[in-house]
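[1] need a structure here:
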Amino acid sequence: MSASRLNQEVRFQGVGVHSGEICEVTVAPGQPGTGCWMERDGQRWRCLADAVVEVERCTVLGNSQTSVSTVEHLFAALAAFSIYDCEIRVSGAEIPILDGSALPFVQGLAPFLENAPAPQPLVLKQPLWVGNEQSQVLALPSPVCRYHYSLYYPQTPIGYQEASYEPLSESFEQKLAPARTFALEREVEWLRAQGLARGGSLDNALVVLADGFSSPLRLEQEMARHKCLDLVGDLYLLGRPLLAQVFAVKAGHRWHVELARKLLRELAENAG
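    Predicted coordinates for the structure are as follows:
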C-alpha cells in the first residue's frame, strides 16, 4: 500500500473494551515530518515506544498525568496507510474498540486520504530479539518488510495457528484488518475481576468456547491474524515503517513494545 496523508479530520466513537465507557477519538492531519502525537485532557505525547506505560492485555500510552488504552488497532490501520504524521485527540480512557478489529478504522480513514511521499524506513542492520522461553519476537535484516505470527493454545479450538503479512504486496484490509480480538471463555471472568473487559461483548470480541467460537470466523486462522494485526500496530510505535522480517511466537504487547524500544535504541546508538 502506498504512503498517504489525511486531508481532513476523521472521528470514531464507541465503547472502550476495558473501561466500558463511551470514548471518542479524532485523527487529524499533521504537519509533514512532525510525527504522530496523541492528546488527552490537555496532556500530549509523541506516539513512540517510550510513551508506553502499560502492556497488560492492550497497549497503553501516556505520562504520569493521564493515559490512553487500546491504541493498537488504530495504529495498525495508520501503519497500513503509512500515515506517520497526524494528531490524535482522545476523549475518554481508550480508543473505542468498535467491532474488535481494525476494519472500521481502515474503512473510516480510507475516504479521506491523498498520496504522500513515503516516509524513510527504519532499516534493520543486524538480528535483534526479545522474549523468554515461552514467547519471543525476532527481527532479521531483510530487503522487504514481512510480519509472521505463530501462536499455540493447546486443548482449545484454536490449537496451532500462524499468519503472515507483507505490507508492500498484500492488502491489510483483506489479510488482517477484519480479524477480531479474542478471549478464552475461562478468561472472561478473570479479566473482569481485574477491572478489564468491562465493555467487552459478543459484538466486539470473539470468545473461544470449549467446543467452538461465539460467532462464525471471518477469516481462516483469525486468531493468529489478529495477533499479527496487534504486532503491526505496536510496531507503529517506531514512528516510521520498518524494513525487516519480524517473527513473533506466542508473544503479545509486552514483547512487541520491547522490540520497538530495542530497535529505537539500536537506531540511536548507530546514529551516534
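[2] What are the neighbouring residues in contact with Thr26?
    By CB atoms under 8 Å, 6 or more residues apart in numbering, the residues touching Thr26 are 9-12, 88-90. The way it works is simple: take the backbone N, C-alpha and C, and place the C-beta from them, glycine included.
[3] Doesn't it belong to a strand?
    Yes: with the criterion set as DSSP: H, G, I helix; E, B strand; the rest coil, the secondary structure at Thr26 is a strand.
[4] So Phe172 is in contact with Phe105, correct?
    No: in this structure Phe172 lies outside contact range of Phe105 using CB atoms under 8 Å: 10.6 Å.
[5] between these two, what contacts are shared?
    In contact with both Phe172 and Phe105: 76-77, using CB under 8 Å, 6+ apart.
[6] Of those two, which one has the most company?
    Counting neighbours by other CB atoms under 10 Å for Phe172 and for Phe105 shows that Phe105 has the greater number, 26 against 20.
[7] so how far is Ala251 from that one?
    Taking CB to CB, to the nearest Å as the measure, Phe105 falls 22 Å from Ala251.
[8] Next: His73.
    Counting by CB to CB, the gap from His73 to Ala251 is 17 Å.
[9] just Ala77 next, same as before
    Distance of Ala77 to Ala251, computed by CB to CB: 21 Å.
[10] same question, Gly159
    18 Å.
[11] cool, Val106 as well?
    Distance from Val106 to Ala251, counting by CB to CB: 23 Å.
[12] Any buried residues in the longest helix belonging to the chain, and which?
    Assignment by DSSP state H gives helix 253-271 as the longest helix of the chain. For helix 253-271, burial by neighbour count (16 or more other CB atoms under 10 Å) applies to 253-264, 266-267.
[13] average pLDDT for that helix?
    For helix 253-271, the mean pLDDT works out to 90.
[14] Centre of the chain to it, how far?
    Relative to the chain's own centre, helix 253-271 is displaced by 16 Å; criterion: CA atoms, centre = their mean, to the nearest Å.
[15] got it, and stretch 112-130?
    Counting by CA atoms, centre = their mean, stretch 112-130 comes out at 15 Å from the chain centroid.
[16] and the nearest residue to Leu176 once chain neighbours are set aside, what does it touch?
    Closest residue to Leu176 in three dimensions, ignoring its sequence neighbours and counting by CB to CB, 6 or more residues apart in numbering: Leu229, at 4.4 Å. For Leu229, the contacting residues are 72-73, 76, 101-102, 176-177, 179, by CB under 8 Å, 6+ apart.
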